[in-house]
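Q: build me a model:
(chains A and B)
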Amino acid sequence: MHYENFLFTRNQRQDFTAFVRPSALSNKDVSAIGAIFNYVTDISRLTAEFPSLYAFPLGEYVFLLRHYNSGRKHAGRAIGVIEGIAVKQADASTFSAALPQFIVQQTELLNVSASIADIEEQDSETSADYEWNESSPHAEFEPFIADFIERRQTDRLFLPFTAAGRDTLINVLADQRLSLTPYFAFGTNSDVLAQLEHQARIDIASFFKTDRASFRSRQTNRVTSYIGIEAETEATPDPSMSLRPVAPTTTSLRRETKHDEESDLEARVDFPAMSLRSSRRTEASESRTKSIESVEDDNSEMAVLTMRQLRDKLRAEEEAAHPPEPEKHHSNNPIRRFIEFVASLVSPPKSE
Amino acid sequence: MSLKVTLFGGTGQGKTTYTLGLLYLMVEGIDGFRIEDEDVDTTTKYMKPWSDFVMVKQWPAPTMGRREDRFKLYFQDQFITDFLWVDYQGGAINQPTDESDAAAQLHADIQESNAVIIVADAYTIATRPLIEARMLTSAPLVFHLLNSYKFKPAQEGQGDLNQGISIAIVLTKADALPEEYKVNDYEKLYAKARQVFHGIHDFIREERAKVSSLRPWLYPSAMLAVSIVGEGNAAVASEGQGYDLASFQLIGSPEPEDIQYPFLYAIGNELDRNALTLEEEIGDLESRLSKLDSNVLSRILRGRTIRQLQEERQETAARLKELEPKIRTVTRTANKKMRPLLV
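A: Numbers count the residues shown, from 1 in each chain, chains lettered A, B, ... in the order given. Sure, this is the predicted structure:
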């Protein structure tokens, strides 16, 4: 199998660009990668030893990329590195079989920036062609694989973003029962995942905060079952919503205040018929209805004129410099004036 | 009516932080203005890095690609306009279109934009030699793009009224400026910014001097010194040299200052451009009506055409009437704060 290198980062003089790019990678593909990873807003915890890992197809290639903080900075901001290998889609099945070994060797194999003598002096270049002949490691079979295969259409496998999670990822990828390449985003967020889904179906994911293996619905991203704990299966509720107890109103210790309900504390002394709150509401409402309409046409303090104000100013200056000649308005011809009078009776009235 | 506003500028000028700060301010509302995202997740996505910026004092990650998001602008809950916000990485401006898709997209976006917001680092402008400040802010390339897609086509008669564009220059990091650049309402900064962006400045000046047939008011342009972190909340960590820009350390909680005005200026002027179009339509209709009116025979025989034109004129006038208070609302706020590019 042949592969090529990809390196996307920036130096001090050049913004994010593909310094090393596979030969058939289009500008549009490079831009797409930039747009995808744009949604990672914090790379502080990503290191070359423990980076985010991604496998997905794009254009003519399938990619295995890693994303981490380079330690370099530009204008005080951390510079990220996205680098890895690209294999032509025709070799996708071989790529798929080699993925576990690629990940095991990620610190060397994906370390494209190590091949650059000085990134500050680097210009964009096309990658050389490399050959891969190694065999994949023997992996342990994960007990949940059968379940994963069965629910792959509807659920994603979520793994913790930890060293153990990465080992599980390698084991899953090495399992030959998986007929199709499972694309993955290991160490990411939901925005990046959504962007990647435009390229291909992502089967395995790990958010930065994922600390427990689970299956999650592709549609809702809710946990459908945790892996490894039998008791917590299908009925596992969504942690953010369903676990929150619904307190019956009658047992609530604090009386609920309805929107249109007024408290005695807010009663306005000098106007007992109206509470402070309702008064404020009325004032706010009045001010809102008035707001746009009541804006006065006071432009005296404007430092910058609008287009029409500038137009009027320039025209006024022009007219002051070259005053127009007075127009002759009315005809003194009595016949013409008579015809005009008749016409005014026939034609529709002028509207303002 | 939907407006397209493209934000761009050189690398490291503060585009990302400006966008995050602006969204933070506008989501809850400031000066009565508020924006709402079309996709409910948009705000959440922007707010996460802003939150990290505020809480962890960590500068937002640099932008790596193009982003576009749709919003609606409100003034005290009354709808003003829809707009599309397009945000770029600085590198897009420095690359030829045949080498970068982002560059190609930027060129297309500028062509289609109603307004552009150019972000430039005030500290760089103030502290670097003029020629370096021009290079680091990408000022020549900013002019080149505007000239290629907005100025030149209009001069060559390829455009119409809408070929104009509103230009707002945001001078970021103003809090860090040496004192001499801050006094007299940033007088010295604005003077140097005019030199840095002299391409745009000279174009506007020449149009006002009527060296071409273009109507000079179609290119409103202004600038403003702003601070995303607020006075005293950031300290210079390292001075810039060569391609290295000065870096800053956040030492206090960010308190954005004046960042909403360039955005409101861009929107307000484009609303005004719509009003200008409507006024010209009305003027055109009135001219056609007066020609028909002056021809007595036409008035007798073509009463129906006149009625149609009058109805059209009434309808256009009603649209203009509806638009006027919105324009005043936005421009009254923004145009008082902005400073003219041309003095």
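Q: now do the buried residues in stretch A:185-202.
A: Judged by neighbour count (16 or more other C-beta atoms under 10 Å in any protein chain shown), stretch A:185-202 contains these buried residues: A:185-189, A:191-193, A:195-196, A:199, A:202. For glycine as for every other residue, the C-beta is placed from the backbone atoms N, C-alpha and C.
Q: start and end of that stretch, how far apart?
A: Here the two ends of stretch A:185-202 are set 7 Å apart, with distance taken as C-alpha to C-alpha, to the nearest Å.
Q: which residue packs closest to the residue in chain A positioned nearest to chain B, ignoring adjacent ones?
A: Chain B sits closest to A:D15 of chain A, with a gap of 2.3 Å, by C-beta to the nearest C-beta. Spatially, and ignoring its direct neighbours in sequence, A:D15 is nearest to B:G91 (2.3 Å; C-beta to C-beta, 6 or more residues apart in numbering or on different chains).
Q: what is the most widely separated pair among the buried residues of stretch A:185-202?
A: The widest separation within those, taken as C-beta to C-beta, falls between A:G187 and A:Q199 and amounts to 17.6 Å.
Q: count of residues packed around the residue of the stretch 1-150 of chain B found nearest chain A?
A: Per C-beta to the nearest C-beta, the residue of the stretch 1-150 of chain B with the smallest distance to chain A is B:G91, at 2.3 Å. Counted with other C-beta atoms under 10 Å in any protein chain shown, the neighbours of B:G91 add up to 24.
Q: then A:R218?
A: Other residues lying near A:R218 total 17 when counted by other C-beta under 10 Å.
Q: check contacts around the residue in the stretch 201-343 of chain B positioned nearest to chain A.
A: Scanning the stretch 201-343 of chain B for the residue nearest chain A gives B:S247, at 3.3 Å (criterion: C-beta to the nearest C-beta). Contact analysis of B:S247 by C-beta atoms under 8 Å, 6 or more residues apart in numbering or on different chains lists A:73, A:75-76, B:236-238, B:240.
Q: let's see that with 7 Å instead.
A: Under the criterion of C-beta atoms under 7 Å, 6 or more residues apart in numbering or on different chains, the neighbours of B:S247 are A:73, A:75-76, B:237-238.
Q: worst mean pLDDT across the helices and strands of chain B, which element?
A: One helix or strand of chain B scores below all others by mean pLDDT, DSSP states H and E: helix B:296-301, with a mean of 66.
Q: quick one: the helices in chain B, in order.
A: The residue ranges that make up the helices of chain B, judged by DSSP state H, are B:15-28, B:40-56, B:91-94, B:101-112, B:122-127, B:130-136, B:139-146, B:152-155, B:179-196, B:198-208, B:260-294, B:296-301, B:303-337.
Q: you'd agree the residue nearest to A:D15 is up against B:T11?
A: Yes: in terms of C-beta atoms under 7 Å, B:G91 counts as a neighbour of B:T11; the distance is 5.7 Å.
Q: which neighbours do the two have in common?
A: Common neighbours of B:G91 and B:T11 are listed as A:D15 (criterion: C-beta under 7 Å, 6+ apart).
Q: ok, back up a step: name the member of the contacts of B:S247 with the most neighbours.
A: The residue in the contacts of B:S247 with the most neighbours, by other C-beta under 10 Å, is A:A75 (24 neighbours).
Q: isn't that one right up against B:G10?
A: No: if you go by C-beta under 7 Å, A:A75 and B:G10 don't touch, sitting 10.5 Å apart.
Q: low-confidence stretches in chain A?
A: A:136-139, A:229-302, A:324-332, A:343-352 (pLDDT under 70).
Q: all helices of it, in order?
A: All helices of chain A, identified by DSSP H, fall at A:27-37, A:92-104, A:106-109, A:145-151, A:163-174, A:190-196, A:276-291, A:307-321, A:334-346.
Q: as CSV, these with distance to chain B would be great.
A: Output for these, formatted as CSV (distance: least, C-beta to the nearest C-beta, whole Å):
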stretch, distance to chain B
helix A:27-37, 3
helix A:92-104, 24
helix A:106-109, 21
helix A:145-151, 26
helix A:163-174, 22
helix A:190-196, 6
helix A:276-291, 4
helix A:307-321, 4
helix A:334-346, 4
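Q: looking at the ones you listed, which is buried most?
A: Burial among those, expressed as mean neighbours by mean count of other C-beta atoms under 10 Å in any protein chain shown, is greatest for helix A:27-37, which shows a mean of 22.
Q: and for A:Y226, the neighbour number?
A: A count of nearby residues for A:Y226, using other C-beta under 10 Å, gives 16.
Q: surely it touches A:R212?
A: Yes: A:Y226 lies in contact with A:R212 (C-beta under 7 Å); the separation is 6.1 Å.
Q: quick one: contacts of the strand ranked longest in chain A?
A: Counting residues, the longest strand in chain A under DSSP state E turns out to be strand A:61-74. Contacts with strand A:61-74, where a contact means C-beta under 7 Å, 6+ apart, come from A:6, A:9-10, A:12, A:22, A:25, A:37, A:40, A:43-44, A:46-48, A:51-56, A:78-89, A:92, A:95, A:99, A:102, A:106, A:110, B:12, B:62, B:247.
Q: got the buried residues for it?
A: Using 16+ other C-beta under 10 Å as the test for burial, strand A:61-74 gives A:61-70, A:72-74.
Q: how about the buried residues of stretch A:185-202 in JSON lines, adding distance to B:S166?
A: Formatted as JSON lines, the buried residues of stretch A:185-202 follow (distance: C-beta to C-beta, whole Å):
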{"residue": "A:A185", "distance to B:S166": "40"}
{"residue": "A:F186", "distance to B:S166": "45"}
{"residue": "A:G187", "distance to B:S166": "42"}
{"residue": "A:T188", "distance to B:S166": "38"}
{"residue": "A:N189", "distance to B:S166": "35"}
{"residue": "A:D191", "distance to B:S166": "31"}
{"residue": "A:V192", "distance to B:S166": "34"}
{"residue": "A:L193", "distance to B:S166": "37"}
{"residue": "A:Q195", "distance to B:S166": "31"}
{"residue": "A:L196", "distance to B:S166": "36"}
{"residue": "A:Q199", "distance to B:S166": "36"}
{"residue": "A:I202", "distance to B:S166": "41"}
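Q: give me the distance between the two termini of stretch A:197-205.
A: Using C-alpha to C-alpha, the end-to-end distance of stretch A:197-205 comes out at 11 Å.
Q: please see if that stretch touches chain B.
A: No: judged by C-beta under 7 Å from any C-beta of the partner chain, stretch A:197-205 stays clear of chain B, getting no closer than 13.0 Å.
Q: pull the distance from that stretch to the chain's centre.
A: Once both centres are worked out by C-alpha atoms, centre = their mean, to the nearest Å, stretch A:197-205 turns out to sit 15 Å from its chain's centre.
Q: cool, and stretch B:130-139?
A: Here stretch B:130-139 is found 20 Å from its chain centre; the criterion is C-alpha atoms, centre = their mean.
Q: so what touches that stretch?
A: Contacts of stretch B:130-139 with the rest of the structure, by C-beta under 7 Å, 6+ apart, involve B:9-10, B:13, B:93-94, B:120-121, B:124-125, B:128, B:140, B:195-197, B:199, B:245.
Q: mind listing what's buried in it?
A: Of the residues in stretch B:130-139, those buried by neighbour count under the rule 16+ other C-beta under 10 Å are B:132-139.
Q: tell me which parts of the stretch 51-200 of chain B are close to chain A?
A: Those residues of the stretch 51-200 of chain B that sit near chain A, judged by C-beta under 7 Å from any C-beta, are B:52, B:58-67, B:75-78, B:89-91, B:94, B:99-102.
Q: what subset of those is buried?
A: Buried among these (16+ other C-beta under 10 Å): B:52, B:58-67, B:75-76, B:89-91, B:94, B:100-102.
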